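Engineer: the sequence and its predicted three-dimensional model are supplied below.
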Amino acid sequence: MGWPSSHCIYTKVVIDSNLKGFFLIIMARLKVLHLLYSGCEKGGAQRVAMECAAYNADLYTSTVKSGGLSHLFKKKFIKFYKLIFNYKFDIIFCSDPRALLLSLICLRSFLSKRYLILHSDKLLKSKKLIIFLCRFFSVHCICTTKTQFDTFNKHLSNVVLVRITDIPEMKLARQQSYSLLYFGRLDPIKNIHDIINIFSRLRKKNSRFKLTIVGTGSECFEKTEGVEIIREWKTQEELKSIMKKTSFIINATNHEGFSLQIMEGISNGLFPLVKSNGLITNYNLSKKCFLSVQNIENATCLDNYEWQQVITKFQESLCTYLESTVHLKEYIRLEVKG
């Protein structure tokens, strides 16, 4: 029986005839489901799931399913139920509590080993639910920020802190333009309208400022002077090309976890401006990095030494943090093999 065709990763294992090959046959029979709640196929959680599945392709055959709850229950509930029922997954990795609840719709799936990956600090609002689910169903809790880990480690026994990115090679922050960049999902939770409003006030003071927004999603925006909206996903090389002409990377989400967007921006020499207190805490960023007209104006006036102080502090604390954690891809590999 083949794997479902929608949103799937197909993997094959090349088997040799020695004992090691036989051992690989045993492990390759593990069926692993990466279950995502969001319907967006290019968001951070989706990207992480795809990378983890591909990285461990020699150990298991995996499928990655994605789709919003409303869409799922209206059109694909039976298909999803059959997926859970028929394939008897050995391990299920859930992207958030809603995905975890989805995985429990079939009694047969109770035999699966479950992991809950927390991608956003917004989930701390559901702390009691997460603690209950993890305790009652013996779910392993995977945290991607220290704030999450400190919260759940007090109440649960199976908690681990991981990183979802490699330790980046940092570049010096540069101050060569008045260009700001947001890239990611165009979704209400990302507060892109707030970014545009702040930019508009900034533009009235200095017409040299420009804002580029890159991504896809349901959000609609009015035409605003100085704002370029690119409604398509760019490759990493294309994004790097845009970043070379940019000085600021912006994130206006209220409850952000380990932001890949901010990480990539800083590693490409951009100055971070964020709205979330969580990002300030998790990244140990200076308050000069709060997203505001005043801070953007100040940043464009700072000399290179003062600007670099903010980034240097971040780089030091980030590298210390990342070096003390295991990469999620490697953690999954160890758990599957163990």
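Structural biologist: Thanks, I have it.
Engineer: pull the number of nearby residues for the residue lying closest to residue 243 once chain neighbours are set aside.
Structural biologist: Leaving aside its chain neighbours, residue 243 sits nearest to residue 268 (4.4 Å; criterion: CB to CB, 6 or more residues apart in numbering). For every residue, glycine as well, the C-beta is placed using N, CA and C. Residue 268: 21 surrounding residues under other CB atoms under 10 Å.
Engineer: which non-adjacent residue is nearest residue 187?
Structural biologist: Using CB to CB, 6+ apart, the closest residue to residue 187 is residue 217 (4.8 Å).
Engineer: for that neighbour, phi and psi?
Structural biologist: Dihedral angles phi and psi of residue 217 (degrees, to the nearest 10) take the values phi 160, psi -170.
Engineer: quick one: pLDDT of it?
Structural biologist: On pLDDT, residue 217 comes in at 80.
Engineer: I figured it hits residue 182, correct?
Structural biologist: No: assessed by CB atoms under 8 Å, residue 217 is found out of contact with residue 182, at 11.7 Å.
Engineer: more neighbours, the two?
Structural biologist: A count of neighbours by other CB under 10 Å puts residue 182 above the other of residue 217 and residue 182, at 25 against 17.
Engineer: could you verify my assumption that the more buried one touches residue 194?
Structural biologist: No: counting by CB under 8 Å, residue 182 stays clear of residue 194, with 10.5 Å between them.
Engineer: give me the residues contacting the helix or strand hosting residue 198.
Structural biologist: When elements are assigned from DSSP states H and E, residue 198 belongs to helix 192-205. The contact list for helix 192-205 (CB atoms under 8 Å, 6 or more residues apart in numbering) reads 180, 182, 186, 209, 211, 213, 219, 221, 224-227, 250, 252, 275, 291-293, 296-297.
Engineer: tell me which helix or strand comes right after it.
Structural biologist: strand 210-214.
Engineer: and that following strand, how far out from the chain's middle?
Structural biologist: Centroid displacement of strand 210-214 relative to its chain, using CA atoms, centre = their mean, to the nearest Å, is 21 Å.
Engineer: give the pairing partners of it; include direction for each.
Structural biologist: Paired neighbours of strand 210-214 in the sheet (DSSP bridges): strand 179-183 (parallel), strand 227-230 (parallel).
Engineer: report the angle between it and helix 192-205.
Structural biologist: Orientation note: strand 210-214 sits at an angle of 160 degrees relative to helix 192-205 (axes from the mean of the first three to the mean of the last three CA atoms, to 10 degrees).
Engineer: which residues sit against strand 210-214?
Structural biologist: So strand 210-214 is contacted by 177-184, 186, 192, 195-196, 199, 221, 224, 226-230, 232-234, 239, 242, 246 (CB under 8 Å, 6+ apart).
Engineer: can we see that at 6 Å?
Structural biologist: Strand 210-214 has contacts (CB atoms under 6 Å, 6 or more residues apart in numbering) with 179, 180, 181, 182, 183, 199, 226, 227, 228, 229, 230, 234.
Engineer: in CSV: these, plus pLDDT and distance to residue 121.
Structural biologist: CSV is the format used below for the contacts of strand 210-214 (pLDDT from 0 to 100; distance: CB to CB, whole Å):
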residue, pLDDT, distance to residue 121
179, 90, 28
180, 91, 24
181, 94, 23
182, 93, 19
183, 90, 20
199, 90, 25
226, 90, 31
227, 92, 28
228, 93, 30
229, 92, 27
230, 90, 28
234, 83, 27
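Engineer: just the buried ones from those, in ChimeraX syntax?
Structural biologist: Buried residues within the contacts of strand 210-214, by 16 or more other CB atoms under 10 Å, are selected in ChimeraX with:
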select :179,180,181,182,183,199,226,227,229
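Engineer: neighbours of residue 259, just the number please.
Structural biologist: Residue 259 - counted by other CB under 10 Å - has 28 other residues nearby.
Engineer: mind checking pLDDT for residue 85?
Structural biologist: 77.
Engineer: again with residue 162
Structural biologist: Reading off the model, residue 162 has pLDDT 91.
Engineer: brilliant, that's me finished.
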